[in-house]
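> Here's my sequence, what's the structure:
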Amino acid sequence: MALRSLDNALPLPTTSERPKKQAKVTIPTQKQSADENTVPLPETETAAATDASIDYISSENLNSLTDPDIKIQTLIDELESKDWLKVCDSLNDVRRFALFHSNLLLPILGRIMLILVKTLKNPRSALCKTSIMTSSDIFTSFNQVLLNDPTISDSFDALLLQLLLKASQDKKFVCEEADKTLNIAVKSMSPLPLLHKLRTYVTHSNMRIRAKVAVTISNCISKMGVEEMKEFGLQPMIKLAAVLLNDRLPAAREAARSIVMSVYGSFTAGKEEKDEEEEEEKEESSWQVFCQSNLTAIDAQSMIKIVSLSKQ
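Numbers count the residues shown, from 1 in each chain. Next up is the predicted model:
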């Protein structure tokens with residue numbers, strides 16, 4: 001059989017290399033600002049600059065409202081505005097109501113505090129700090145009402161938890177303002193009912209909140225007299241200290257030591273002064289029995305050691 005001529009066949013390529021693809025070059029388009037000579041700030045920097053422009057008014061520099069009876073009617077709506085700058089202005093109005101027109105604010109105080117809980121969760125630091133300052137003025141003006149009025153109590157609990165959370169966060173100026181507000185709560189409110197509120201957060205899952213709770217409880221107990229401490233109960237108080245003494249954070253453990261010393265001072269108060277050495281031995285012996293009867297062996301030994309070291 002005759003073979004066909006290959007003269008008309010296509011020539012084979014001389015190399016086996018495949019043609020290279022051209023790389024696509026993408027040139028990003030940038031929106032021009034109104035002023036072509038101005039470099040636009042990143043969005044985060046713009047927000048930070050806006051936050052920095054907020055004027056934080058101290059309580060001493062706030063003035064009373066000229067028309068509080070009219071202003072109170074629109075206050076809730078203004079606080080629920082979507083414009084956060086307007087909300088900041090309205091929060092300052094809440095502060096003025098708390099300081100100068102508290103009788104008008106009281107009927108809606110529960111709703112106001114729930115709005116504060118919401119604004120405290122806002123990521124804008126300026127709004128958050130203004131909310132904390134508002135809480136501070138509310139604590140100063142209404143103090144015992146927040147603890148005794150059952151229609152407000154739940155709102156206060158939610159607000160207290162948010163303040164503890166803000167006091168444990170990393171933003172320094174927010175954290176410091178929240179710490180200041182917690183201290184104002186301790187100073188302006190009766191320590192015994194406040195301690196009952198705080199004790200519920202001793203076992204909170206967030207260890208940084210537990211540390212802030214421990215410090216606040218320690219400050220609260222340091223305000224209490226012997227009778228108030230005994231009314232709360234020395235046994236539950238020493239058990240509370242034992243829980244905090246085993247916490248992971250040093251601040252909680254240091255606060256626990258302070259609580260232990262307060263409990264010991266109350267435990268030994270009112271005893272007749274006799275021979276100093278003999279009386280000290282009796283106190284140490286009775287303290288040891290008290291700790292061992294209310295705590296585990298390890299925790300009791302820790303309490304005894306804390307007191308013993310404080311006397312060296």
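
> list the helices and strands the helix or strand that Glu231 is a member of packs on?
Using DSSP states H and E, Glu231 sits in helix 226-232. Counting contacts by 3 or more Cβ pairs under 8 Å, 6 or more residues apart in numbering; DSSP states H and E, helix 226-232 is packed against helix 191-198, helix 250-267. Backbone N, C-alpha and C define where each C-beta goes, glycine included.

> Which positions in the helix or strand following the longest one come out as buried?
By that I understand helix 250-267. Per DSSP H and E, helix 250-267 leads on to helix 276-294 as the next helix or strand towards the C-terminus. Buried residues in helix 276-294, counted by 16 or more other Cβ atoms under 10 Å: 287-288, 290-291, 294.

> before we move on, back to that, give me the buried positions along the helix holding Glu231.
So helix 226-232, judged by 16+ other Cβ under 10 Å, has buried residues 229, 232.

> how close does Ser188 sit to Phe100?
As judged by Cβ to Cβ, to the nearest Å, Ser188 and Phe100 stand 17 Å apart.

> whoops, I mixed them up, Asp170
Distance of Asp170 to Phe100, given as Cβ to Cβ: 35 Å.

> Between the two, which has more neighbouring residues?
Ranked by neighbour count (other Cβ atoms under 10 Å), Asp170 and Phe100 place Phe100 first, with 15 against 7.

> these two touch, right, that one and Thr66?
No. Taking contacts as Cβ atoms under 8 Å, Phe100 lies outside contact range of Thr66: 10.9 Å.

> Looks like Ile76 contacts Arg111 (just checking).
Yes. With contact defined as Cβ under 8 Å, Ile76 counts as touching Arg111 (6.3 Å).

> ok, back up a step: show me how far the helix holding Glu231 is from its chain's centre.
28 Å (Cα atoms, centre = their mean, to the nearest Å).

> can you list the residues that contact it?
Outside helix 226-232, the residues that touch it by Cβ atoms under 8 Å, 6 or more residues apart in numbering are 191-192, 195-196, 221, 224, 237, 262-263, 266, 269-270.

> mind redoing it with 7 Å?
In this structure, residues lying in contact with helix 226-232 by Cβ atoms under 7 Å, 6 or more residues apart in numbering are 191-192, 195, 221, 237, 266, 269.

> so after it, what's the next helix or strand?
helix 234-245.

> chain center to that following helix: distance?
23 Å.

> other SSEs contacting it?
helix 250-267, helix 276-294, helix 297-310 (3 or more Cβ pairs under 7 Å, 6 or more residues apart in numbering; DSSP states H and E).

> Out of these, flag the one nearest Met133.
Among those, helix 250-267 comes nearest to Met133, with 24.0 Å by Cβ to Cβ.

> and that closest one, which residues are buried?
For helix 250-267, a neighbour-count test (16+ other Cβ under 10 Å) marks 251-252, 254-264, 266-267 as buried.

> Just the closest of those residues to Ala300, please.
Distances from Ala300 to the buried residues of helix 250-267, taken by Cβ to Cβ, are shortest for Val260, at 11.3 Å.

> I'd like to know which elements the top helix by length along the chain is packed against.
Counting by DSSP state H, the longest helix found in the chain is helix 125-148. Counting contacts by 3+ Cβ pairs under 7 Å, 6+ apart, helix 125-148 packs against helix 84-100, helix 109-120, helix 150-167, helix 172-188.

> let's go with 6 Å and repeat that
For helix 125-148, the packing partners by 3 or more Cβ pairs under 6 Å, 6 or more residues apart in numbering; DSSP states H and E come out as helix 84-100, helix 109-120, helix 172-188.
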